[in-house]
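Undergrad: how would this look folded up:
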Amino acid sequence: MTIEDIFEYNKPYNEKNIKRLIEEIRKNNIVPYIGAGMSMLFGNIYPSWNGFLEDTFNKFCPDRDKSKFEALTYEEKADELYSEMGRQDFSQHLKAVFGKHHLDGMKIEDFDNKPVYFLPKIFDTGLLVTTNYDKVLEKVYGLCGNNLSPKQKGEKEALNNALYNRELLLYKIHGDIATPSESIVLTKKQYEEAYNGELKRVLERIYQSKVILFLACSLSGDRPVEIIKEIKEDGMDNYAIISCKKDDIKSRRLELSDKYSILSIIYPEGKHECLKIILEYIEYHIAKRINTDKTETEILNNRQLINYIPQPKNTFLGREKEIKEISEQLKKRNVLFLCGVGGIGKSELVKEYITSNKPN
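TA: Below you'll find the model as predicted:
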C-alpha cells in the first residue's frame, strides 16, 4: 500500500488526523505510547502475549484441560501459570523468551524495514511510554546513537525532566525483562495493585500534560486506555494508529472518539506494513519542516539532506569498485555505514559518491 491508499481507506479522517498529528509533534506535545505490536513485528524473535501464554501452558501444563485455559482472560491465564510454575520459574521462563539476548548482533539495517526504525527519528527527545518488557526500543535507539534510559515506578524526577525539560526517557509501565521477578506487572492481582496505586496516578498526570499517540496497541479493554475515559475533558485530544476491517471503520472511529477522545488513523486489518508507511510519512514531513529552505528533491531517501556536502578536497582518482559497491548496496537498503581506520579516505569517498549522484 501507499500513503495515498491509506488516506483513501478512512477518508477524509486519515489524512486530516495525520496532518494534525504532525503539527502536534512539531510542537513537542506528543508522548508515544508503544504497545506489544511494535515488538511482534520481528518475525520469530518475539511471540504475541497470548501466544507466549499458550505456548507456556503447553510446555509446563501438558496434562491440564486446555479448553478451560483458552477461555480465560490474559490476566487469568497469567494467574494460572504463575500458580502452577511459581514466581521464580515463571520469571526465568519469561526472561528466556523476551530477553535482550535475542537482539544480540542485530544491526540498524535489520530494523530499517520496521516501524520502530522511525521512532528515534521522530521522537528523539522527551518521554516515551511502553507496556513492553523487551529491549527492542533500547536497542534501536542505541543503534541510532541515542541512549534510551528505561525507568519504572518511583522515578518522579526523571519523569518530570522528560515531561517538562524534554529529556529522553523510556517509561516502562509494566516492568522490564531485566528484572522480571521484581518489576513486571503480569497477574490480575499485580494489575489491580498497579492500577489502583502509583501507576494510575502517573498515567493520569501524563495524559493531562501531553497528547498521547497510541502505536501498535489493540485499544480493546486495556487498563491504561480506560483511565482516559475516567479523566477525559473538553479539548482533550489523543491519537491512535490502528488496524480495522473495512466494515467496522465507522463504529471503531466513533467509539474511540466518543469514549476516549482519540482521533484514529486506520489501516486495513492485517496490513501492519502500513504502520511503517505512516511513520515514514510523518518523519519525512517533520524533517522537511526543519529544513524549510530546501526543496523536496534536496532530501535523500526522504530523510537525509544532500545539499551543503563539502566538495572533495582534491581531484578524486580511483575507487571505482568501492563507488559501484556503494551504489549496489543502496539499492537494497536505506542506510549504509562505511567502516575503517582513520585516514583511509572514507569521508572523501562519501563526498565523491554523493556529489556524482546528486542528479539521481
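
Undergrad: any idea how far residue 320 is from residue 349?
TA: 11 Å (Cβ to Cβ, to the nearest Å). Heads up, the C-betas are built off the backbone N, CA and C, glycines and all.

Undergrad: same thing with residue 24?
TA: Distance from residue 24 to residue 349, by Cβ to Cβ: 40 Å.

Undergrad: which one of these two has more residues nearby?
TA: Taking neighbours as other Cβ atoms under 10 Å, residue 24 and residue 349 compare with residue 349 leading, 19 against 16.

Undergrad: Does that one touch residue 321 like I think?
TA: No. If you go by Cβ atoms under 8 Å, residue 349 and residue 321 don't touch, sitting 11.0 Å apart.

Undergrad: Let's see the distance spanning stretch 58-75 from one end to the other.
TA: One end of stretch 58-75 sits 17 Å from the other (Cα to Cα, to the nearest Å).

Undergrad: How far off centre is that stretch?
TA: With Cα atoms, centre = their mean, to the nearest Å as the basis, stretch 58-75 stands 30 Å off its chain's centre.

Undergrad: Quick check on the spatially most central residue of the chain: phi, psi?
TA: Geometric centre of the chain, nearest residue: residue 116, 4.4 Å, by Cα atoms, centre = their mean. When read as degrees, to the nearest 10, the backbone of residue 116 gives phi -60, psi -20.

Undergrad: Then residue 134?
TA: Dihedral angles (degrees, to the nearest 10) for residue 134: phi -70, psi -180.

Undergrad: how deep is it tucked in, by neighbour count?
TA: 23.

Undergrad: List the contacts of it.
TA: 39, 46, 98-100, 102, 177 (Cβ atoms under 8 Å, 6 or more residues apart in numbering).

Undergrad: I'd like the distance between it and residue 177.
TA: Counting by Cβ to Cβ, the gap from residue 134 to residue 177 is 6 Å.

Undergrad: which residues are in contact with both of these two?
TA: 98-100.

Undergrad: any weak-confidence spans in the stretch 101-250 of the chain?
TA: Across the stretch 101-250 of the chain, the ranges flagged by pLDDT under 70 are 154, 234.

Undergrad: Just the buried residues of whichever helix in the chain runs longest, please?
TA: If you go by DSSP state H, the chain has its longest helix at helix 273-290. For helix 273-290, a neighbour-count test (16 or more other Cβ atoms under 10 Å) marks 274-285, 287-288 as buried.

Undergrad: want to throw the residues you listed into a markdown table with pLDDT and distance to residue 263?
TA: What follows is those, written out as a markdown table (pLDDT from 0 to 100; distance: Cβ to Cβ, whole Å):
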| residue | pLDDT | distance to residue 263 |
| --- | --- | --- |
| 274 | 95 | 17 |
| 275 | 95 | 16 |
| 276 | 94 | 20 |
| 277 | 95 | 18 |
| 278 | 97 | 13 |
| 279 | 96 | 16 |
| 280 | 95 | 20 |
| 281 | 96 | 16 |
| 282 | 96 | 14 |
| 283 | 94 | 19 |
| 284 | 92 | 21 |
| 285 | 92 | 17 |
| 287 | 81 | 23 |
| 288 | 66 | 22 |
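
Undergrad: show me where the stretch 201-350 of the chain has strands.
TA: Assigned by DSSP state E, counting those that start in this stretch, the stretch 201-350 of the chain shows strands spanning 211-215, 238-244, 262-268, 299-300, 304-305.

Undergrad: what's the closest of the ones you listed to residue 32?
TA: strand 211-215 (4.9 Å; Cβ to Cβ).

Undergrad: okay, the angle between the closest one and helix 273-290?
TA: Angle, strand 211-215 to helix 273-290, by axes from the mean of the first three to the mean of the last three Cα atoms, to 10 degrees: 140 degrees.

Undergrad: Partner strands of strand 211-215 and their direction?
TA: Looking at strand 211-215 with DSSP bridges, its partner strands are strand 30-34 (parallel), strand 238-244 (parallel).

Undergrad: And that strand, how far out from the chain middle?
TA: For strand 211-215 - counting by Cα atoms, centre = their mean - the centre lies 11 Å from the chain centre.

Undergrad: Format the CA atom coordinates belonging to it as CSV.
TA: Extracted C-alpha coordinates of strand 211-215, given in CSV (Å, rounded to 0.1, in the frame of the first residue of the first chain):
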residue,chain,number,x,y,z
VAL,A,211,-1.2,14.4,23.9
ILE,A,212,-0.9,10.6,23.6
LEU,A,213,-0.1,8.7,20.4
PHE,A,214,-1.1,5.1,20.7
LEU,A,215,1.1,2.9,18.5
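
Undergrad: contacts for that strand?
TA: 21, 24, 29-35, 37-38, 115, 129, 206, 225, 228, 237-242, 262, 275.
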